[in-house]
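Peer 1: Structure for the following, please:
(2 chains)
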Amino acid sequence: MTDDQALVQDAQNGQRNAFRRLVEKHKQRVYFIALDLMGNHTDAEDMSQEVFIKAYRSLSRFRGDAQFSSWLHRITVNTCIDHRRKKWWQLRKAQKSMKNDDTNMLDNIPAGNPGPEQLTDDGLIQARIRNALDGLSQRERDIFLLRHDHDMALSDIAESLNISLGTVKSTLFNALRKLRKELAPLRRELGWEA
Amino acid sequence: MKSCRSMEKRMAEALSGGLTDRERSELETHVAGCRECARAYQEYRSMLGTMRQRKQAEPDDRFMNEFWARLSPELEPSPKKHVRFRLLLNPRFALPLTAAVCLFAGIWIGRSQGPVEVQTAVRSETGKKGKGMPVEMRTAQVLERSQRILLAFSNFDAQTDDPAVLNLPVQKQTARSLIRETGLLKADLPGDADRKLQMLLSDLELILLQIANIEETVDMDNIEIIRDGLDKRSILFKIQMNTLDRSNRDIPGPASQHI
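Peer 2: Sure thing, here's the model as predicted:
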């Protein structure tokens, strides 16, 4: 029995301290996933809290067929996507109500001008990575990061996003092609050439 | 030999962990004999290596140190009464609830006091032409019934709502009945009828058609399509405007007629 399984079992038996240990162990990973999906610290923090509340309330339904971390990550993706969808609707409503204002709220996000940190090699690489990710669609970015940054299984991603495994694979393919296209011209700069 | 294009797709799958042993072996054989693909595969690997260097902003100390302290009180079960009261204050629940109460009160009062109007209304609802009822009354009735269905879709939240709340079989049946009534109503509208109303009824027919044909299992993609259509055509807004317009002109709605 893994450490998580034992803690889950104790938490299911009502031991609050066991759940606390699970929270402490997984909160950072949940936060990073939420940060990627929500794009800002405040939302990521709120979502992390919501994820653990949901996990706590549905802990009795967790049968242990999958790993606790996979289950938790699926809740994280569901919670963030759902919240993002609500936010998107609210934003659209707000935009519609701003009839006399020609400015688009979505266009007001400041452009990523290079800051002083980008003058270093590392800063430069981070800026290239950010630019490359910005070139992906929202879904491509989500799926790419969930698979390659957060190591979520393809089947878990498909289930969380409520799409087929084939769609996950083809979206990943498109994302990888776009990223390569964006980064390949910088191969020397990025040290791809031995 | 497989094409380079199909192999490129396979490279992506290999790097994302979705290949069988046989597919992987085919890929390796191809890459060993194709310089272009070998270069592409190497670039994909390097690209993923670069992407792995991505740094995310670390959560601040407050998050790390105080997370449990802030989470813990939220884990306490909240008193049910409190939740119910909060739900009643939430416009998402309060508005449909108020509408439903008004409707049932109207039907109940209408049945006990106004047999003539009720019979006409029932006739209209079953799809027959409500010749005895003015067109404006029938319009109000169709719009009010449609609004109830559309609000159910607009307010449905897959994360928190029980799918049974949508009651798709009933919604589909009502949508079919409304499509019939809307069609009859459009035919009965006078030639000089308000163009906006004609357009609204046409838009309404389309959305109702989507609802009538939706699968009975709750699928968020299908619901999103309906919501998107609602939003693009601003149907709920237009219904609301029509209701306001009628009330400004003192044209009674179906419920008030029953009373």
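
Peer 1: Can you name the residues that contact residue B:147?
Peer 2: Counting by Cβ atoms under 8 Å, 6 or more residues apart in numbering or on different chains, residue B:147 makes contact with B:99, B:236, B:239. (Glycine included, C-beta is placed from N, CA and C.)

Peer 1: Quick check: the last one touching residue B:200?
Peer 2: Yes. Using Cβ atoms under 8 Å, residue B:239 is in contact with residue B:200, at 7.1 Å.

Peer 1: Can you select the buried ones among the contacts of residue B:147 for me in PyMOL?
Peer 2: Restricted to buried positions by 16 or more other Cβ atoms under 10 Å in any protein chain shown, the PyMOL selection for the contacts of residue B:147 reads:
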select buried, chain B and resi 236+239
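
Peer 1: hmm, back to that, any common contacting residues for residue B:239 and residue B:200?
Peer 2: Counting by Cβ under 8 Å, 6+ apart, the residues touching both residue B:239 and residue B:200 are residue B:143.

Peer 1: Among the contacts of residue B:147, name the ones in helices.
Peer 2: In helices, defined here by DSSP state H, the members of these are B:99, B:236, B:239.

Peer 1: For chain A, state which of the contacts of residue B:147 is nearest.
Peer 2: residue B:236 (11.2 Å; Cβ to the nearest Cβ).

Peer 1: Can you give me every residue that contacts the closest one?
Peer 2: B:147, B:150-151, B:154, B:230.

Peer 1: Closest to chain A out of those residues?
Peer 2: The closest of those, once distances to chain A are taken by Cβ to the nearest Cβ, is residue B:154, at 9.3 Å.

Peer 1: Using CSV, write down the CA coordinates of the helix or strand harbouring the closest one.
Peer 2: Counting by DSSP states H and E, the element that carries residue B:154 is helix B:135-155. The C-alpha coordinates for helix B:135-155 follow below in CSV (Å, rounded to 0.1, in the frame of the first residue of the first chain):
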residue,chain,number,x,y,z
VAL,B,135,-52.3,36.3,-31.8
GLU,B,136,-50.6,38.5,-29.2
MET,B,137,-51.8,36.2,-26.4
ARG,B,138,-50.5,33.2,-28.2
THR,B,139,-47.2,35.0,-28.9
ALA,B,140,-46.8,35.8,-25.2
GLN,B,141,-47.5,32.2,-24.3
VAL,B,142,-45.0,30.7,-26.8
LEU,B,143,-42.3,33.2,-25.7
GLU,B,144,-42.9,32.5,-22.0
ARG,B,145,-42.8,28.7,-22.4
SER,B,146,-39.7,28.9,-24.6
GLN,B,147,-38.0,31.2,-22.1
ARG,B,148,-38.4,28.6,-19.4
ILE,B,149,-36.7,25.9,-21.4
LEU,B,150,-34.0,28.2,-22.6
LEU,B,151,-33.2,29.4,-19.1
ALA,B,152,-32.8,25.8,-18.0
PHE,B,153,-30.1,25.3,-20.6
SER,B,154,-28.5,28.7,-20.0
ASN,B,155,-28.3,28.2,-16.3
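
Peer 1: Which parts of it count as buried, going by neighbours?
Peer 2: B:136-147, B:149-155.

Peer 1: Ok, stretch A:82-97 next?
Peer 2: For stretch A:82-97, by 16+ other Cβ under 10 Å, it's A:82-85.

Peer 1: Out of these, name the ones that lie in helices.
Peer 2: Per DSSP H, the subset of the buried residues of stretch A:82-97 in helices is A:82-85.

Peer 1: Relative to chain B, which of the residues you listed is nearest.
Peer 2: residue A:82 (4.3 Å).
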